[in-house]
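J.: predicted model, plus sequence, below.
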Amino acid sequence: MPVQIAIPNPLLLHSDEIKIQTKTIKYETVTNPGYYWADDVVIMGPGAPTIKGKKEFLKMFSNMQNIPGFNMTWNKQPTVIEISMDGQMVYLFAKNKVTMTDSAGTVRSGFDQAVQVWKKDKERNWKAEVSVMYPDETMK
C-alpha cells in the first residue's frame, strides 16, 4: 500500500518525511534499536506494562529476544505520516508481524498496528517519543 502523506507544505517538509521513512526502514536492520527511540520514550501495548524511558525499552527488547522463535517484522514504510505545520512533530501509523513459539512448540503469528508520535531531539534528529501498539489480528 502506498504511503499517504497529509502535510500542509510538502516542499518545506519533504526532507523530514524522508528522514522518518528512512529511519523506520533501517529499524529492522540496526544492531542497536535504541537509536530510533527518544530517551523518555513511552511504549504501550496490550497485555504488557507501559514502558517508560529508553533504558526500560532496551531491557524489554533484550527480554523479547529470549522468547523462543520471537521475531517482529515491521512493514517497510508507515501507512500514514502527518507532519505538523511547524515541522516539529509527526504522527504515523505502522504495522508489524509478531511470530513466536508457544510452550507446545507451535509457531504463532499475529499482526499489530501502531500509532507513533515523533519529535526532534536537541540535535534536531527525529526520535519516536510515543508508540501505542494494538492487535490488528489475533495471534494464531
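T.: Noted; the coordinates are in hand.

J.: count the residues that sit near the closest residue to residue 51 other than its chain neighbours.
T.: Leaving aside its sequence neighbours, residue 51 sits nearest to residue 43 (Cβ to Cβ, 6 or more residues apart in numbering; 4.1 Å). The C-beta positions use only the backbone N, C-alpha and C, and glycine is treated the same way. Residues near residue 43, counting by other Cβ atoms under 10 Å, number 22.

J.: check contacts around residue 43.
T.: 50, 51, 57, 60, 130, 131, 132, 133 (Cβ atoms under 8 Å, 6 or more residues apart in numbering).

J.: from those residues, which land in strands?
T.: Members of the contacts of residue 43 lying in strands (criterion: DSSP state E): 51, 130, 131, 132, 133.

J.: in the sheet, who's paired with the second one?
T.: Think residue 130. Per DSSP bridges, the residues bridged to residue 130 are residue 42, residue 117.

J.: now the contacts of residue 43 in JSON lines, with pLDDT, neighbour count and distance to residue 113?
T.: Listed next are the contacts of residue 43 as JSON lines, based on pLDDT from 0 to 100; neighbours: other Cβ atoms under 10 Å; distance: Cβ to Cβ, whole Å:
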{"residue": "50", "pLDDT": "96", "neighbour count": "10", "distance to residue 113": "18"}
{"residue": "51", "pLDDT": "94", "neighbour count": "20", "distance to residue 113": "18"}
{"residue": "57", "pLDDT": "87", "neighbour count": "22", "distance to residue 113": "19"}
{"residue": "60", "pLDDT": "85", "neighbour count": "15", "distance to residue 113": "19"}
{"residue": "130", "pLDDT": "95", "neighbour count": "18", "distance to residue 113": "14"}
{"residue": "131", "pLDDT": "93", "neighbour count": "21", "distance to residue 113": "11"}
{"residue": "132", "pLDDT": "95", "neighbour count": "15", "distance to residue 113": "9"}
{"residue": "133", "pLDDT": "91", "neighbour count": "20", "distance to residue 113": "7"}
